[in-house]
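**Student:** no FASTA, just this:
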C-alpha cells in the first residue's frame, strides 16, 4: 500500500521556464516533503506588457493569479510573477511582484529586490520598449528574459533571473509556512 500523498499542483501564470523553475525551487525549499506537479499557463496580466509603476506591477501579478485560477481551478497553488519598472529620482529601477494564492484562498505577496537600469536600457523602455527587448538590443542578446534576464546581464550572472525570483517566491510563501498566523 502506497501511503504517499498525491502530488500538489502548482500553476504558474506564465510559460516562461525561468518563472516555472523559480516557483518549483522555492516550494521545494520551503516545503521539501511534498511532491509537486508544476505547469505554466499563458494568461493575461491586464496591464501593459511593460508595467510602469509599483501598483501596476502588483496589479499584473494579482490579475495573472486570478486568470490562472479561473483557467485551472483544481490546482493547489497559483503563482503570479510580474516584472515592472518605476522612476525614482529620475532613474528607472526594475523589480518584480510575486503573488501566490492557495486553494483555500490564503494569499502571499512579496517583491523582489530593486536595482537601477542603465540609461541605455532606460531610454528604450521610456520610449515604449519592453525591458526584455531593450536588454536584448543593448546587450546584443536574443530572448534574454527567458534566460538570465536583465539582472543576469547586468551582474554577469552573479545573480541570474531565477535566483532573483526565488527569494521573492520564498517570501511570498511565508503565510503558507506560518498557517497559524494571520496575514
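**Tutor:** Received the coordinates, thanks. Please read these numbers as outputs of a predicted model, since none were measured by experiment. Residues are numbered from 1 along each chain as shown.
**Student:** for residue 24, what are its contacts?
**Tutor:** Residue 24 is in contact with 10, 36, 38, counting by Cβ atoms under 8 Å, 6 or more residues apart in numbering. Where C-beta positions appear, they are placed from N, C-alpha and C, glycine not excepted.
**Student:** Surely it is in a helix?
**Tutor:** Yes: using DSSP: H, G, I helix; E, B strand; the rest coil, the assignment for residue 24 is a helix.
**Student:** measure it to residue 167 for me?
**Tutor:** Distance, residue 24 to residue 167, by Cβ to Cβ, to the nearest Å: 15 Å.
**Student:** Likewise for residue 106?
**Tutor:** Residue 106 is 20 Å from residue 167, by Cβ to Cβ.
**Student:** ok, now residue 158?
**Tutor:** Taken as Cβ to Cβ, the span from residue 158 to residue 167 is 14 Å.
**Student:** tell me the SS of the closest residue in space to residue 117 that isn't next to it in sequence?
**Tutor:** Closest residue to residue 117 apart from its sequence neighbours, by Cβ to Cβ, 6 or more residues apart in numbering: residue 92 at 4.6 Å. Classification of residue 92 by three-state DSSP places it in strand.
**Student:** where do the helices sit along this protein?
**Tutor:** 17-30, 54-71, 119-126, 131-139, 149-155, 161-172, 174-177 (DSSP state H).
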